[in-house]
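[1] got a sequence here, can you model it:
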Amino acid sequence: MTAAVHDTAAAAPRPPSAAALAVRGLTVAFGRGRLRRTVVHDVSLTLAPGECLALVGESGSGKSVTARALVGLAGPGASVGAGELWVDGREATGYRERDWRAVRGRVVGLVSQDALSALDPLRRVGAEVAEPLLAHGLARRAELPGKVSGLLADAGVPEPGVRARQYPHQLSGGLRQRALIASATAAGPRVLIADEPTTALDVTVQAQVLGLLRRLRDSGTALLLISHDLAVVAQLADRIAVMTDGRIVESGPAARVLTAPEHPYTRALIASVPRLDAPAVGPDTAGGRRAGRTVPPLLSAEGLVKRYRSPGGSERAAVAGVGFAVGPGETLGVVGESGSGKSTLARLAMGLLTPDEGEVLLDGGPWSALDERLRRPLRRDVQLVHQDPLASFDPRFTVRRVLGEALTVAGTPRRARRERSAELLEQVGLGPELLERRPDGLSGGQRQRVAIARALATSPRLLVCDEPVSALDVTVQAQVLALLAALRAELGLAMLFISHDLAVVRQVSDRVLVMHDGRAVEEGPVDEVLGAPRHPYTRELLASVPRLPGGPGGG
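    Down below sits the predicted model:
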C-alpha cells in the first residue's frame, strides 16, 4: 500500500478506514496578534498500515512540529487547526489533552531524536519501557519483568534483563535509542512517529536501528519517519514528502523523488548529501598523495595510552598504543564508532588529558609532557572546534563577548576587539549584525561558524575538530565543510578532523586513521583506506554507510 501526500488543503485524504493516520489542511502557528507566526501551512498527508512515509527537510522546515501536532504535542502556545484529522479511523480534530493521553503510546508511539533527554535519567530503563503497559492497563506488575525483557530483546537490546536494571546514562547511544523504541512500541501502537531516530549515531548502530524500524514496518506498523538525512531515508521510506518553510513542496515514491527530483529545493538537498565517491572539498584533491612529502609534522604522537578506572575498580584503555602525525596544512581524519577512543584522542592532542604512556609533540618538542603553565602560551597554536557549540558557549554571552574572550587570550587590545570580531565573522561568512545576538538566537549553522571564528581568534596553526558537522542539516553541513576547506587553503591550517561519518571524512581529509576499541587498526591515504580497506573493521564501517540510489558511492 502507498501513502498519498498532498500540499493543498483541497486534496482529500484517503478514507479513514484505509489509513492509520490522515490529516487535511494542517496549520500550526505560535504567538498572537502581530507576533503570530505560522510555521506549518496547509499540510495534508495520509499514511497506511505497513508503510513508511518520510517527511524530510532542514531544521526549521516545520517537519517536527507537523509530526508532534499529529499527536497533540505541538507545544506551549501553539495554535493548531486542521480540516480533518483521523487517527486509527477516528476523527481527532476536537481531541483534548485527556483524549490524546489515551492515544499516545497505545495508538501512536513517538520516538524522539535525543534518547538521553527523552528517557528519564532518574528511572531505570525497565521502568521506562514498562510505563506504557501500566498506563494502558496492558499488564499486571508481576508480568512486567518478562514483558519488558521481551520488548528490549525484540528491539535488539542484548542482555535485556541486565539493561532493564540500568539507567539511561549507562547505555551507549545506540542502546538508548533501541530502548526508546522498545518503550514507544510497548503498547503495540499501530502508528510509530520516529523523529530523527538515527541522527549522530555511528553508521553500524544506525544500520541496526534502521533494521529494527524496517521490521516494525514490515510487520504492519505505519511509520512516519522525520529526517534531514536523505541517505537514511532511502533505506526505509516507501514515499517521501519534502518540506521547507512549513510547506510540502514535493512528494512521491521514494525512488522517484531521490533519483528524479522536481523541485529545486529537493535537488539542493540531494546535491548536499556527502558521498564516498565525491571529490574532496579540500585545497588539494589529490588526497592521500600528499602523504609522501617530507615536511616535519606540526603535531605528532607515538604510543599513546589513556586508561580509565570503572566503578568496579577494573581499568579500561580508552586509547591503547596509538600514534599519529599531522603536517602543516594537512588534514588527518580520525574515524570510528562511539567508544572507539577518537574523542579521547582529541583531548590528548589538545593537551586536555595527560597520557598514561606515550607523548604528544608540537613542532617536535614537548606538548603533553609540559606543565599547563608552560603549555598555556602555546595553546593559541592548537584550537578546538566542538561538536555542540551551544553547549560550549555561555548562553548569557553575546557573540561579541564570546569572540572577545578569545581575543583577550590572543592579546588583542580592547579597542581593537570589536573590529577584529567583525573581521572574524566575515572570515566565516557571517555579518557584523550577529555580534549582539546570543547563541540561542542563532541557527545551528551560524553557531558552528561562530565556534570556528572563536577558534580562529588566536591565529592557530592546527584545528582539532571533534564531530563539527554531525548534528547539522546536509546543506548547512556542506557549507561548513566548504568553509573549513577555504580556511585551510587561505590560512594553511592543519586539521585533526574527528568524525563517525566516513563520507564527510572522505571529502576533507588527506589521510585517515581508523580506530576501534581504543586502537588504530588502519591508517593511510584517504583514497586507499576508504577505497580499498585492508582491515575487516574498516570494511564493516564502509558496508554500513547508508547510500542514496543511483550510484555505488552514496551518502
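
[2] quick one: contacts for the residue lying closest to residue 321 once chain neighbours are set aside?
    Excluding its sequence neighbours, the residue lying closest to residue 321 (CB to CB, 6 or more residues apart in numbering) is residue 303, at 5.6 Å. From N, CA and C alone the C-beta is placed, and that goes for glycine too. By CB atoms under 8 Å, 6 or more residues apart in numbering, the contact set of residue 303 is 321, 322, 323, 357, 358, 359.

[3] what about residue 482, how many residues nearby?
    15 (other CB atoms under 10 Å).

[4] again but with residue 220, I slipped
    Neighbour tally, residue 220, other CB under 10 Å: 11.

[5] same thing with residue 36?
    Using other CB under 10 Å, residue 36 is surrounded by 10 other residues.

[6] now residue 353
    Neighbours of residue 353 (other CB under 10 Å): 18.

[7] quick one: it is in a strand?
    No. Residue 353 is assigned coil when assessed by DSSP: H, G, I helix; E, B strand; the rest coil, not a strand.

[8] separation between the residue nearest to residue 467 when sequence neighbours are not counted and residue 111?
    The shortest distance from residue 467 to any non-neighbouring residue, by CB to CB, 6+ apart, is to residue 387 (3.8 Å). Look at residue 387 and residue 111: by CB to CB, to the nearest Å, they are 22 Å apart.

[9] how about residue 421?
    41 Å.

[10] and the residue nearest to residue 467, what is it in contact with?
    Residue 387 neighbours (CB under 8 Å, 6+ apart): 466, 467, 468, 470, 471.

[11] ok, residue 150 next?
    residue 160.

[12] surely it is within a strand?
    No. Using three-state DSSP, the assignment for residue 150 is helix, not a strand.

[13] where does the prediction get shaky in the stretch 401-550 of the chain?
    For the stretch 401-550 of the chain, applying pLDDT under 70 flags the ranges 550.

[14] can I have the buried ones of the contacts of residue 303 as a ChimeraX selection?
    Per 16 or more other CB atoms under 10 Å, the buried members of these correspond to this ChimeraX selection:
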select :322,358,359
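
[15] touching stretch 339-347 from outside, list them.
    So stretch 339-347 is contacted by 172, 304, 306, 318-320, 322, 324, 334-336, 353, 384, 464, 466-467, 496, 498, 515-519 (CB under 8 Å, 6+ apart).

[16] also stretch 121-133?
    105-106, 119-120, 138-139, 144-145, 147-148, 151-152, 163-169, 171, 179, 182-184, 186-187.

[17] give me that answer again for 7 Å
    The contact list for stretch 121-133, computed with CB atoms under 7 Å, 6 or more residues apart in numbering, reads 105, 119-120, 139, 144, 147-148, 151-152, 163-169, 171, 179, 182-183, 186-187.

[18] go through that stretch and flag the buried ones.
    124, 125, 126, 127, 128, 129, 130, 131, 132, 133.

[19] which helix or strand contains the nearest residue to the second one once chain neighbours are set aside?
    Okay, so that is residue 125. Excluding its sequence neighbours, the residue lying closest to residue 125 (CB to CB, 6+ apart) is residue 179, at 5.0 Å. Take DSSP states H and E as the rule and residue 179 turns out to sit in helix 173-185.

[20] C-alpha coordinates for the next helix or strand after that helix, CSV please?
    Under the assignment DSSP H and E, the closest C-terminal helix or strand after helix 173-185 is strand 191-195. Provided in CSV are the C-alpha atoms of strand 191-195 (Å, rounded to 0.1, in the frame of the first residue of the first chain):
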residue,chain,number,x,y,z
VAL,A,191,1.5,4.1,14.1
LEU,A,192,5.1,5.0,15.0
ILE,A,193,6.4,8.5,14.6
ALA,A,194,10.2,8.5,14.6
ASP,A,195,11.7,12.0,14.8
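
[21] ok, strand 191-195: who's next to it in the sheet?
    Paired neighbours of strand 191-195 in the sheet (DSSP bridges): strand 108-111 (parallel), strand 222-227 (parallel).

[22] in the stretch 51-200 of the chain, which ranges drop under the pLDDT threshold?
    114-116, 200.

[23] and the helices in it?
    Secondary structure of the stretch 51-200 of the chain by DSSP state H, counting those that start in this stretch: the helices cover 63-69, 97-103, 115-118, 125-135, 144-154, 160-164, 173-185.

[24] can you put the ones you listed in CSV and add distance to residue 44?
    Below are the helices of the stretch 51-200 of the chain laid out as CSV (distance: least, CB to CB, whole Å):
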stretch, distance to residue 44
helix 63-69, 11
helix 97-103, 20
helix 115-118, 28
helix 125-135, 29
helix 144-154, 33
helix 160-164, 40
helix 173-185, 25
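
[25] from the ones you listed, which stretch is densest packed?
    helix 173-185 (a mean of 25; mean count of other CB atoms under 10 Å).

[26] so which elements touch that one?
    strand 108-111, helix 115-118, helix 125-135, helix 144-154, helix 203-218 (3 or more CB pairs under 7 Å, 6 or more residues apart in numbering; DSSP states H and E).

[27] same thing but 6 Å
    Judged by 3 or more CB pairs under 6 Å, 6 or more residues apart in numbering; DSSP states H and E, the packing partners of helix 173-185 are strand 108-111, helix 115-118, helix 125-135.

[28] residue 450 is nearest to which of those?
    helix 115-118 (23.5 Å; CB to CB).

[29] please list the outside residues in contact with stretch 412-427.
    Stretch 412-427 has contacts (CB atoms under 6 Å, 6 or more residues apart in numbering) with 400, 403, 404, 407, 432, 453, 456.

[30] quick one: buried residues of it?
    412, 417, 420, 421, 422, 424, 425, 427.

[31] if we can go back for a sec, top of the contacts of stretch 412-427 by neighbour count?
    residue 403 (26 neighbours).

[32] on the three-state scheme, the residue lying closest to that one once chain neighbours are set aside is what?
    The shortest distance from residue 403 to any non-neighbouring residue, by CB to CB, 6+ apart, is to residue 421 (4.3 Å). Here residue 421 is recorded as helix under three-state DSSP.

[33] from residue 97, how far out is residue 421?
    Distance of residue 421 to residue 97, given as CB to CB: 47 Å.

[34] repeat that for residue 396.
    Where residue 97 is concerned, residue 396 sits at a distance of 34 Å (CB to CB).

[35] ok, residue 267 touching residue 258?
    No. The criterion here is CB atoms under 6 Å, and residue 267 misses it with residue 258 at 10.7 Å.

[36] out of the two, which sits in the busier spot?
    Taking other CB under 10 Å, residue 267 and residue 258 do not tie; residue 258 has more neighbours (24 against 13).

[37] by neighbour count, which of the contacts of residue 387 wins?
    residue 468 (29 neighbours).

[38] did I read that right, that residue in a helix?
    No. Judged by three-state DSSP, residue 468 forms no part of a helix; its state is coil.
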